[in-house]
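Enquirer: After the sequence you'll find the predicted model.
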Amino acid sequence: MSEDTARERYDDIAHELAATNGDVRLGKLFSMPAIYVGDKACAGFTQSVAMVFKLTGAAHADALGLEGAHLFDPSGQNRPMKEWVVVPAAHSSEWPRLAQLALAYVSGH
């Protein structure tokens, strides 16, 4: 998937979440486009071809089980954020489901 196509996929997901949930807003996190629920980020678009999701439990394990997925390390200093999983564009069909799970987790629903 090209960088432009991956970004379009992210934008479609982000705008759909914002349009269907009044608590969702779009912003920036670590200079990347991000999806917020209230004042907490739940997902974003990183490395130009991947989405990152804040997940827990089985959803976290499932996301990490996808080929190429890994914990998010925005500093690049080997200090990954334990709840955040980077899911590459090869699994973009999973992005909407993971975005919904991240939204539910962060919003407490």
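Expert: Right, received. Where do you want to start?
Enquirer: give the contact list for the residue located most distally from the centre of the chain.
Expert: Distance from the centre of the chain peaks at Gln77, with 20.4 Å (CA atoms, centre = their mean). With contact set as CB atoms under 8 Å, 6 or more residues apart in numbering, Gln77 has no partners. Every residue, glycine included, has its C-beta placed from N, CA and C.
Enquirer: helix, strand or coil for it?
Expert: coil (DSSP: H, G, I helix; E, B strand; the rest coil).
Enquirer: Run through the strands of this structure in chain order.
Expert: In the chain, the segments counted as strands under DSSP state E are 24-29, 32-37, 40-46, 50-54, 70-72, 81-88.
Enquirer: Describe which strands the third one pairs with in its sheet and in which direction.
Expert: For strand 40-46, sheet partners with direction are given as strand 32-37 (antiparallel), strand 50-54 (antiparallel), following DSSP bridges.
Enquirer: Single out the most deeply packed of those strands.
Expert: Counting by mean count of other CB atoms under 10 Å, strand 50-54 has the highest mean neighbour count of the strands paired with strand 40-46, with a mean of 28.
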